[in-house]
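**Student:** Build me a model from this:
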Amino acid sequence: MVMASTAMSNSSNDKIERLTSSLRDPAGFLFEHNENIYRAVNHNYKKNFDLLLSSGLYARLVSQGILLEHQEIPANSLAPLLPSDVYKILQIKRLPFISYPFEWCFSQLKNAALLTLELQMIALEFGMTIKDASAFNVQYMAEKPIFIDTLSFEEHIKGNPWIAYEQFCRHFLAPLALMSYRDDRMLQLLRTYMDGLPLDLVADLLPIGGWLNFSLFCHLVVHAKAQRSFKDTVEIKPPNIKSNQLKALLENLHGLVKGLRVKQRNSVWGDYYVNACTYTNAAMDSKYRIVEAFLKRAKPSMVWDLGSNDGKFSRIASAQNIFTVAMDGDHNSTEHNYLSCQKEGNNYLLPLLIDLTNPSPAQGWANCETKSLVQRGPADMMMALAILHHLVITHSLSLASIARSFASLCNWLIIEFVPETDFQLKRLLQFNPDLVFNERYSESIFEVEFEKFFVLLEKVKIEESDRILYLAKTKSTTSTQRNLK
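**Tutor:** All right, here's what the predicted structure looks like:
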């Protein structure tokens, strides 16, 4: 499993230790030096690495934009800082944001699966194969998936099966099938089973409709039964697979994955701007202009849009070529946002499925193989539009805790305050009648609590609405100038 992550703590500057995300890889490791990301290739991977380059496979994949490009660095520049068994040093591009498979919508996981199969089919043309089919080996630059693990390729021995077939089924086919035939929330099982879903569990969860799909039945149900049959076998002789049989397997998997469709659930947030939005056209235009002006004033390098819905306001930032991570806990909204990004070819917007009240934790061995959402921050700017009142009223969070948390996640903040006169807020209060409203939520309390951590630079009322937009900056990164209107 190879992912970007933080480096292990290092008390000495005379050596470099691998990033904790690559600690399982015997072929090499990732490390950071002078704010650059590098991959060390060990001598035990020399034969396969040389074949990857000399065969032309690396050049082909990079030219198609489906494998992360690297630049070889002269060994003498960093060799004194590295172990003696390092063969090559590669500088790789730092990705703008690291995401994980359980943060993707159905179509993102599906496209990552199709990319993995495409890589395997191309690799076979060059006499190589992918030994790892982990979903964590794929990242999203924006709307396009890209394979990031250069050390996953090895020479293909004629007659051998695809060694990563089972892993592909666990990481890709199993969750996609459950999302397609059961419920999109089944994706979150990947948060528990980081090395892919157990196939016996998937076979039990798959409804009759999935069993009636012959290909799916073979790859998941029969596969699970075969695993149970052979689990106590000491030695299993691998079958001799002809090249046309291997190609047929990959084509079958490709057609199966491509034909899967997510099972849609009813969602208020999925069609929010159509069915549930209370803004007038003038108010919506006003909000759009204010957010745009705030972005132009702050000029952030990266934006996190919390509760982004379908990304309407995220696109104000991405249109200014600001890399924007659009986070929403509703699958329908994230799926719609991602599909729209694909159609637009939006290279600056990354939609992710993230529940802000229970964001992704640090996981894996010693809780260090993946980063928590907090560890992946802070963002230069965060937008929290029409979400504050939900956090307070629906999720019982205090304005004080929200202000403290937001200040740790960003330098700049655009936040929307929804007053007690707002229709949507009154509707929420119907479901929480015990809330001591005036003691926990008001414009004055909001300003008092947020001014403990932020300087509120601008305060602008949205036209034809009682809602207010604030532009703020954390106190640690700003002067004390204010311009409250």
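**Student:** can you pull out the strands in the stretch 351-485 of the chain?
**Tutor:** Here the stretch 351-485 of the chain has its strands, by DSSP state E, counting those that start in this stretch, at 379-384, 410-417, 454-461, 468-474, 483-484.
**Student:** CA atoms only: put the second one into CSV for me.
**Tutor:** By that I understand strand 410-417. Taking Å, rounded to 0.1, in the frame of the first residue of the first chain, the C-alpha atoms of strand 410-417 are listed here in CSV:
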residue,chain,number,x,y,z
CYS,A,410,-7.4,27.2,7.8
ASN,A,411,-5.8,30.6,7.4
TRP,A,412,-8.7,32.3,5.8
LEU,A,413,-12.4,31.6,6.3
ILE,A,414,-15.6,32.5,4.4
ILE,A,415,-18.5,31.6,6.7
GLU,A,416,-22.2,32.2,6.4
PHE,A,417,-24.3,33.0,9.4
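**Student:** neighbouring strands for that strand, and are they parallel or not?
**Tutor:** Paired with strand 410-417 in the same sheet, following DSSP bridges, are strand 379-384 (parallel), strand 468-474 (antiparallel).
**Student:** Those strands: which one's closest to Gly364?
**Tutor:** Using CB to CB as the measure, strand 379-384 is the one of those that comes nearest Gly364, at 23.4 Å. All C-beta spots, glycine's among them, are computed from the backbone N, C-alpha and C.
**Student:** and the most centrally placed residue in the chain, what is it in contact with?
**Tutor:** For the chain, the residue nearest the mean C-alpha position is Ser99 (2.6 Å; CA atoms, centre = their mean). Under the criterion of CB atoms under 8 Å, 6 or more residues apart in numbering, the contact partners of Ser99 comprise Gln139, Tyr140, Leu350, Leu352.
**Student:** tell me which of these is nearest to Pro359?
**Tutor:** Within the contacts of Ser99, proximity to Pro359 (CB to CB) peaks at Leu352, which comes in at 10.2 Å.
**Student:** picking that back up, dump the strands paired with strand 410-417 into TSV; add distance to Lys258, mean pLDDT and mean neighbour count as well.
**Tutor:** Below are the strands paired with strand 410-417 laid out as TSV (distance: least, CB to CB, whole Å; pLDDT from 0 to 100; neighbours: other CB atoms under 10 Å):
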stretch	distance to Lys258	mean pLDDT	mean neighbour count
strand 379-384	34	98	24
strand 468-474	43	98	22
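**Student:** out of those, which comes closest to Phe29?
**Tutor:** Among the strands paired with strand 410-417, strand 379-384 sits nearest to Phe29 (CB to CB), with 27.6 Å.
**Student:** Name the residues that touch the closest one?
**Tutor:** Defining contact as CB under 8 Å, 6+ apart, one finds that strand 379-384 is touched by 291, 295, 298, 300-308, 313-314, 317, 325, 406, 409-416.
**Student:** Only the buried subset of those, as a ChimeraX command please.
**Tutor:** One line in ChimeraX is enough to select the buried members of the contacts of strand 379-384, burial here meaning 16 or more other CB atoms under 10 Å:
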select :291,295,298,300,302,303,304,305,306,307,308,313,314,317,325,406,409,410,411,412,413,414,415,416
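**Student:** What ranges does the stretch 51-200 of the chain have for its strands?
**Tutor:** Secondary structure of the stretch 51-200 of the chain (DSSP E, counting those that start in this stretch): strands located at 70-73, 86-92, 128-130, 138-140, 145-147, 153-155.
**Student:** Export these as CSV, with columns for distance to Asp422, mean neighbour count and mean pLDDT.
**Tutor:** Shown next, in CSV, are the strands of the stretch 51-200 of the chain (distance: least, CB to CB, whole Å; neighbours: other CB atoms under 10 Å; pLDDT from 0 to 100):
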stretch, distance to Asp422, mean neighbour count, mean pLDDT
strand 70-73, 52, 14, 94
strand 86-92, 48, 19, 94
strand 128-130, 53, 23, 98
strand 138-140, 35, 24, 97
strand 145-147, 40, 22, 97
strand 153-155, 56, 21, 97
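**Student:** could I get those as CSV with distance to Trp211?
**Tutor:** Written out in CSV, the entries for these read as follows (distance: least, CB to CB, whole Å):
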stretch, distance to Trp211
strand 70-73, 44
strand 86-92, 43
strand 128-130, 29
strand 138-140, 28
strand 145-147, 29
strand 153-155, 35
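**Student:** For Asp195, find the nearest of these.
**Tutor:** Of all these, strand 138-140 sits nearest to Asp195, with 15.0 Å by CB to CB.
**Student:** If you count contacts, what does that closest one end up packed against?
**Tutor:** Contacting strand 138-140 under the criterion 3 or more CB pairs under 8 Å, 6 or more residues apart in numbering; DSSP states H and E are the following elements: helix 106-125, strand 145-147.
**Student:** which helices and strands does the first one pack with?
**Tutor:** Using 3+ CB pairs under 8 Å, 6+ apart as the contact test, the elements touching helix 106-125 are helix 57-63, strand 128-130, strand 138-140, strand 145-147, helix 165-168, helix 174-181, helix 243-259, helix 331-344.
**Student:** What residues of that helix count as buried?
**Tutor:** 106-124.
**Student:** what's the answer for stretch 316-334, then?
**Tutor:** Neighbour-count burial for stretch 316-334 flags 316-318, 322-334 (criterion: 16+ other CB under 10 Å).
**Student:** Sort out which one of the residues you listed lies nearest Phe450 for me.
**Tutor:** Here the nearest of those to Phe450, counting by CB to CB, is Met327; it sits at 20.3 Å.
**Student:** now the strands paired with strand 410-417 as TSV including distance to Asp204?
**Tutor:** TSV is the format used below for those (distance: least, CB to CB, whole Å):
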stretch	distance to Asp204
strand 379-384	40
strand 468-474	49
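**Student:** Which among those strands is found nearest to Lys287?
**Tutor:** Lys287 lies closest, by CB to CB, to one member of these: strand 468-474, at 6.9 Å.
**Student:** Please compute how far the closest one lies from its chain's middle.
**Tutor:** Taking CA atoms, centre = their mean, to the nearest Å, the mean C-alpha location of strand 468-474 is offset from the chain mean by 27 Å.
**Student:** who touches it?
**Tutor:** Outside strand 468-474, the residues that touch it by CB under 8 Å, 6+ apart are 287, 290-291, 294, 297-298, 385, 407, 410-417, 419, 443, 450, 453-462.
**Student:** One more: stretch 203-211?
**Tutor:** The set of residues external to stretch 203-211 that reach it, using CB under 8 Å, 6+ apart, is Ala177, Leu178, Ser180, Tyr181, Arg182, Met186, Leu216, Phe217, Leu220, Val221, Ala224, Lys225.
**Student:** Using neighbour counts, trim those residues to the buried set.
**Tutor:** Ala177, Leu178, Ser180, Tyr181, Arg182, Met186, Leu216, Leu220, Val221, Ala224.
**Student:** and the last one, what pLDDT?
**Tutor:** Which is Ala224. As predicted, Ala224 sits at a pLDDT of 91.
**Student:** now do Ala317
**Tutor:** At Ala317, the predicted lDDT confidence score is 98.
**Student:** which residues sit in contact with it?
**Tutor:** For Ala317, the contact set (CB under 8 Å, 6+ apart) comprises Leu295, Pro300, Val303, Asp305, Thr324, Tyr348, Met381, Met383.
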